[in-house]
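[1] Sequence plus the predicted model coming up.
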Amino acid sequence: ILNVEQSPQSLHVQEGDSTNFTCSFPSSNFYALHWYRWETAKSPEALFVMTLNGDEKKKGRISATLNTKEGYSYLYIKGSQPEDSATYLCAFMVLRNSGGSNYKLTFGKGTLLTVNP
Amino acid sequence: DSGVTQTPKHLITATGQRVTLRCSPRSGDLSVYWYQQSLDQGLQFLIHYYNGEERAKGNILERFSAQQFPDLHSELNLSSLELGDSALYFCASSGGGDNHYGTFYEQYFGPGTRLTVT
C-alpha cells in the first residue's frame, strides 16, 4: 500500500493571503506527480504534472515544487481569491513491473481550501 | 468543458445487474483513464488504456472490465453489481505519444457517471 499524505486536511484563509500545502509520498521508484484542483460538484481539473526532481511549475498565481529524493511536493497559492476555494489533490505514480502494470497511481485525500472574502 | 464526454450521466440499477459506462476522449487524445469516487474511498484509479492497449491497472475488481476501441472511445463494464459499487465513475483522457504513454501529460476529466445500485 502506497501512502500519499496531504497536509493540512483543510485550511481557511482570508482573501489576499498566500498559502501552501504539502503532498508527501514514498521516495523510491518515483515516476510522476499530478496536482489537481477539484471544486465541489465539478470534475477534477489538472494543474501540474511533475516528473523531475527540482521541478518548479507555475500557472498564474499557483505554483508547485517537487523533491523526489525526500518525497514531497509543495503547492503554493499567492494572493488567494475566493474562487480558489476547492480541494487540491495530488496523485503519485510509482513504477512497478508486477501484475502486468507498469505503474501504480495513488491519490491523496486532498487539502480543502476555503478562501474567505 | 474539458472535451471529454461520458454517458450516461446517471444510472440506477439493481444488485446483480451489469452496466456499461461510455467515455469519449478529447479529440486526438490516445490515453483514457477510469476512476471511481466513492464516499469512503476517495478517488481511486481503475485502469489506463493507451491507443487500444491496457497500460496500467489499479484497484479494479475482477467483476469490472474495460476496453478502448479503434475510434479511441472506451467502455467500462461493471457486472454482478453490489451495493458497494455505487459511486461516481470518472473518465479522463490525455495526449502525448511518447514512451510514457501519456502519463506525463495533464489529464482532462469528464463530468462523470453517477451509478446507484439498489
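    Nice, thanks for sending it over.
[2] and the nearest residue to B:Pro25 once chain neighbours are set aside, how far is that from B:Tyr108?
    Nearest residue to B:Pro25, sequence neighbours excluded (C-beta to C-beta, 6 or more residues apart in numbering or on different chains): B:Ser93, at 3.2 Å. Glycine gets a C-beta too; all of them are placed from N, C-alpha and C. Distance of B:Ser93 to B:Tyr108, given as C-beta to C-beta, to the nearest Å: 6 Å.
[3] Tell me the spacing between A:Leu105 and chain B.
    4 Å (C-beta to the nearest C-beta, to the nearest Å).
[4] What of A:Val115?
    23 Å.
[5] Run the chain-centre distance for the lowest-mean-pLDDT helix or strand in chain B.
    Counting by mean pLDDT, DSSP states H and E, the weakest-scoring helix or strand in chain B turns out to be strand B:53-57, with a mean of 91. On the basis of C-alpha atoms, centre = their mean, to the nearest Å, strand B:53-57 sits 12 Å off its chain's mean C-alpha point.
[6] Could you tell me which residues of chain B lie near chain A?
    Contact residues, chain B versus chain A (C-beta under 8 Å from any C-beta of the partner chain): B:2, B:42-45, B:48, B:54-58, B:90, B:92, B:100, B:103-112.
[7] Okay, now the sheet partners of the host helix or strand of B:Gln44, with direction.
    Per DSSP states H and E, B:Gln44 falls inside strand B:42-50. In the sheet, strand B:42-50 lines up against strand B:31-38 (antiparallel), strand B:53-57 (antiparallel) (DSSP bridges).
[8] For the residue nearest the centre of chain B, list the residues it contacts.
    When C-alpha atoms, centre = their mean is applied to chain B, the residue found nearest the centroid is B:Trp34 (2.6 Å). Residues near B:Trp34 by C-beta atoms under 8 Å, 6 or more residues apart in numbering or on different chains: B:23, B:45-48, B:60, B:66, B:74, B:76, B:89-91.
[9] now do A:Leu112
    With C-beta under 8 Å, 6+ apart, A:Leu112 has these contacts: A:9-11, A:86-87.
[10] Let's have those residues in a markdown table, adding pLDDT, neighbour count and secondary structure.
    Conversion of these to a markdown table gives the following (pLDDT from 0 to 100; neighbours: other C-beta atoms under 10 Å in any protein chain shown; DSSP: H, G, I helix; E, B strand; the rest coil):
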| residue | pLDDT | neighbour count | secondary structure |
| --- | --- | --- | --- |
| A:Gln9 | 96 | 12 | coil |
| A:Ser10 | 97 | 11 | strand |
| A:Leu11 | 96 | 18 | strand |
| A:Ala86 | 97 | 20 | strand |
| A:Thr87 | 97 | 19 | strand |
